[in-house]
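Chemist: fold the stuff below for me.
(chains A and B)
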Number of protein chains: 2
Amino acid sequence: MKEKKYADVREQIVNLNSVHIGEIMEQLDVPEAIILFRTLPKDLAIDVFNYTSSDFQEKLISSITDKELEHIMHEIYFDDMIDLLEEMPAKVVKKILKYSNVEERKLINEFLNYPDNSAGSLMTIEYVDLKKDMTVAKAIEHIKATGVNKETIYTCYVIGEERKLEGIISLRNLILSDYSLPIKDIMKKDIVYVHTHDDQEEVAHVFKKYDLIAVPVVDLEGRLTGIITVDDIVDVIEQENTEDFQKMAAMAPSEEEYLNTGVWKLAKNRLMWLIILMVSATFTGGIIKRFEDVLQSVVILTAFIPMLMDTGGNAGSQSATLVIRSIALGEIKAKDTLRVVWKEFRVSLIVGVILSFINFLRLYFIERVSLNISITVCLTLVFTVILAKIVGAVLPILAKKLKLDPAIMASPLITTIVDAASLIVYFSVAKLMLGI
Amino acid sequence: MKEKKYADVREQIVNLNSVHIGEIMEQLDVPEAIILFRTLPKDLAIDVFNYTSSDFQEKLISSITDKELEHIMHEIYFDDMIDLLEEMPAKVVKKILKYSNVEERKLINEFLNYPDNSAGSLMTIEYVDLKKDMTVAKAIEHIKATGVNKETIYTCYVIGEERKLEGIISLRNLILSDYSLPIKDIMKKDIVYVHTHDDQEEVAHVFKKYDLIAVPVVDLEGRLTGIITVDDIVDVIEQENTEDFQKMAAMAPSEEEYLNTGVWKLAKNRLMWLIILMVSATFTGGIIKRFEDVLQSVVILTAFIPMLMDTGGNAGSQSATLVIRSIALGEIKAKDTLRVVWKEFRVSLIVGVILSFINFLRLYFIERVSLNISITVCLTLVFTVILAKIVGAVLPILAKKLKLDPAIMASPLITTIVDAASLIVYFSVAKLMLGI
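Modeler: Below you'll find the model as predicted:
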């Protein structure tokens, strides 16, 4: 009866998208999921396997027979295998590696050794390679014969002696060309490529600039070592953006999903910056202490400190965010510093004056604060906004020049700096205006 | 002599990548650039044209002959033409539209009417369509005959009556299949597609989930109206991220590059939120006024306000950023609210206690602040961190439930809320501890 049910389900299931089959399988109990998995055609099974979560993959690997595992390991793309090895616990890794020969293990080790987030760690070795003397017809025949195990067949790589990359040809150009032409007449020689040790962020830039669906990865001697496909780059872009969001909110970046991250790990990621910023904020407290006499005589001045600090923080964070983002997208370079400062100066003057005007109306006419105090608060506000915006714009560019990550120069750090400066101005103006 | 030089340059240039040729051309004066442009083979010229900036495109269109423009308009992909029409000034648009017939103009109008950032506004009409009764051999022949003008030939669409989308087949499957099979036997029927009015963010989610290089766009009746390719989606992802960054820093989102945006426009984008937040921050000032008596008697309490406010702001911004990002990536759903709150409560307890402990050591042992004041500050700090993290985590989820954009619930708004609450606690604890 149950067997019958699975047969029915299978019939319906093999016509579905692999992603959908994976989703269905993860909702089943492990024994049921394995029965379903076993009924899938072999090629589809690998594809579905790739789309399941690593938790599920671990359960599956631990439960299937050695022979089934051997088949998966034989058919899985090399980059997916490397990802799998990096994610599985040691016991499972051992089980997986049982089915690799010495040659393969050497290659696996080489790939596991590429730095995290480097082009090498993203690439796969399943690409189509052609020779420049093949005709188009011969090349298509070659693709038909070997293509089934390649991650992509849409870009093919023309290889010379010692696997030197000599040209690139898209399947599109092959199909649309005269089948009797030799590859060397139609291949592209102005090749866009990356190096094994390039950072994934640079690789993503290359994809965006040239609208690629795959890029070749070469070693220092110009030998083709692998390719990176666009689906992996889409993930890289999201990951790099997540990192920037985290750094800009003063956290240690983490690739783990929030709900899967433990409480202690989350606390650790957040603590370091909070401590640094808390200790820095005490300097601001020191400034207040230095002006205790001013506060003592006009306590009401305290009431405007939060508004000044918050507005300064927000104004600075706006500029910092725009500049950090523009640097990340390659729109602002170090040579633009003066243009940016001049722009921010003008913007902050407009913004600061308008904010102060609104604030003055509210203070003087609605809250009936004395004229001198109203002027003190509003003058400080203009100064704070201008300073915040210029500091917010300059620090990220400076960080870039110093080869630091611009994203760490975001609102929390800027707030701390601007707080201190604006309080000094506030109390100094107050002393002058109020004759304390 | 000059002619000779261009001929030489041309020889070297036609072998370059279109992006590189575009870059070279933009560095020339317009008359020189046009001479170079004219020497390019027609197909390459279109490609290069697409990779130049809209400023340059405008200059070029204004300078070339009508016949040349007609050629460009005839060869350019439909989605690129729509983008061009959206970016060019009215005069240039008029010049461009001269070369379209009534039928085309109707289509152009239809495309220009799709909402900004909808699937319809991203799609192109140059795709390969097949019939389900064709054999693979026939299909490849069809692609060879018509493919040159298609944006992609790697995914082909099987169309039935009234252009209803019946199946999808990749060029990969075509090439790797038996050439005598009919398409209907090998096409995929579990089609992943989007609707013309779907938001581009949803479209990007679909690309990420299914690792696509193209997706079909259908209207409400299931008729195929266009396709979207992955290179456009990469841009969409970056654009959506930029928007989130901007909203999270309390700015009106803008698609323009920073350096190309005017000072007034920048000021306008930033002012609204700054005004709202500045006015909200005055509530905090109101709280301080209410406790003026406490401050009057222990002025030193003021010195710790910046530290408490900044730490609260930073702690809240960390949680808000993580939650907003997780919502954007589809990792946190509304049903996870309680899990998130419970997680943030534990994290904030750990973080708050550690921060307070460090702070206590510094206050009591190094700065020699009185025990009662040290305890007041540290108790308030624990409370502030817990409140900030829970508010920071809950508000974005709440926004999502109310169909608002979670990104607006970022640090600036949270800071304002947490400031007020933590000051009330601060002064209340102070009154109790110091017996004021």
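Chemist: any low-confidence regions in the stretch 101-250 of chain A?
Modeler: For the stretch 101-250 of chain A, no stretch has pLDDT under 70.
Chemist: strands of that one, start to end?
Modeler: Along the stretch 101-250 of chain A, the segments classed as strands by DSSP state E, counting those that start in this stretch run A:128-130, A:155-159, A:165-170, A:194-195, A:214-218, A:224-229.
Chemist: can I get these in JSON lines including distance to chain B?
Modeler: C-betas here are computed from N, CA, C, even on glycine. Shown next, in JSON lines, are the strands of the stretch 101-250 of chain A (distance: least, CB to the nearest CB, whole Å):
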{"stretch": "strand A:128-130", "distance to chain B": "11"}
{"stretch": "strand A:155-159", "distance to chain B": "10"}
{"stretch": "strand A:165-170", "distance to chain B": "9"}
{"stretch": "strand A:194-195", "distance to chain B": "14"}
{"stretch": "strand A:214-218", "distance to chain B": "10"}
{"stretch": "strand A:224-229", "distance to chain B": "9"}
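Chemist: among those strands, which comes closest to A:Asp66?
Modeler: Ranking the strands of the stretch 101-250 of chain A by distance to A:Asp66, with CB to CB as the measure, places strand A:224-229 first at 28.5 Å.
Chemist: and for that closest one, what's in contact with it?
Modeler: A:78-79, A:119-120, A:122-125, A:127, A:129, A:151-152, A:155, A:157, A:159, A:163-165, A:194, A:196, A:203, A:213-219 (CB atoms under 8 Å, 6 or more residues apart in numbering or on different chains).
Chemist: and the angle from that strand to strand A:214-218?
Modeler: On the basis of axes from the mean of the first three to the mean of the last three CA atoms, to 10 degrees, strand A:224-229 is oriented at 150 degrees to strand A:214-218.
Chemist: got the domain boundaries for chain A?
Modeler: Under the assignment named as automatic domain parsing, the residue ranges that make up the domains of chain A are A:2-113, A:128-229, A:258-434.
Chemist: Throw the strands of the stretch 101-250 of chain A into JSON lines and include mean neighbour count, thanks.
Modeler: Supplementary listing: those in JSON lines, determined by neighbours: other CB atoms under 10 Å in any protein chain shown:
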{"stretch": "strand A:128-130", "mean neighbour count": "20"}
{"stretch": "strand A:155-159", "mean neighbour count": "23"}
{"stretch": "strand A:165-170", "mean neighbour count": "20"}
{"stretch": "strand A:194-195", "mean neighbour count": "20"}
{"stretch": "strand A:214-218", "mean neighbour count": "24"}
{"stretch": "strand A:224-229", "mean neighbour count": "24"}
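Chemist: can I get those strands in JSON lines including distance to A:Glu11?
Modeler: Conversion of those to JSON lines gives the following (distance: least, CB to CB, whole Å):
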{"stretch": "strand A:128-130", "distance to A:Glu11": "34"}
{"stretch": "strand A:155-159", "distance to A:Glu11": "36"}
{"stretch": "strand A:165-170", "distance to A:Glu11": "37"}
{"stretch": "strand A:194-195", "distance to A:Glu11": "44"}
{"stretch": "strand A:214-218", "distance to A:Glu11": "35"}
{"stretch": "strand A:224-229", "distance to A:Glu11": "32"}
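Chemist: so which of those is nearest B:His20?
Modeler: Set against B:His20 and scored by CB to CB, those come closest in strand A:165-170, at 14.2 Å.
Chemist: circling back: B:Asp336 is nearest to which of the strands of the stretch 101-250 of chain A?
Modeler: Distance to B:Asp336, taken as CB to CB, is lowest for strand A:224-229 among these, at 31.8 Å.
Chemist: give me the buried positions along stretch A:242-254.
Modeler: By neighbour count with 16 or more other CB atoms under 10 Å in any protein chain shown, stretch A:242-254 contains the buried residues A:242-251, A:254.
Chemist: go on, stretch A:39-56?
Modeler: When neighbours are counted by 16+ other CB under 10 Å, the buried residues of stretch A:39-56 are found to be A:40, A:45-52, A:56.
Chemist: can you report how many residues neighbour the closest residue to A:Asp293 other than its chain neighbours?
Modeler: Spatial nearest neighbour of A:Asp293, excluding adjacent residues (CB to CB, 6 or more residues apart in numbering or on different chains): A:Ile436 at 7.0 Å. Counted by other CB atoms under 10 Å in any protein chain shown, the residues lying close to A:Ile436 total 15.
Chemist: now do A:Arg172
Modeler: For A:Arg172, the count of nearby residues is 18 (other CB under 10 Å).
Chemist: quick one: it and B:Lys144 touch, right?
Modeler: No. Because the distance of 10.6 Å does not satisfy CB atoms under 8 Å, A:Arg172 is recorded as not touching B:Lys144.
Chemist: what does the stretch 1-150 of chain A put close to chain B?
Modeler: By the rule CB under 8 Å from any CB of the partner chain, the part of the stretch 1-150 of chain A lying against chain B is A:15-17, A:19-20, A:140, A:143-144, A:147-148.
Chemist: spit out the contact partners of the spatially closest residue to A:Asp198 that is not a sequence neighbour.
Modeler: Distances taken as CB to CB, 6+ apart put A:Ala119 closest to A:Asp198, at 4.5 Å, once the chain neighbours are dropped. Taking CB under 8 Å, 6+ apart as the definition of contact, the neighbours of A:Ala119 are A:194-200, A:202-203, A:217, A:228.
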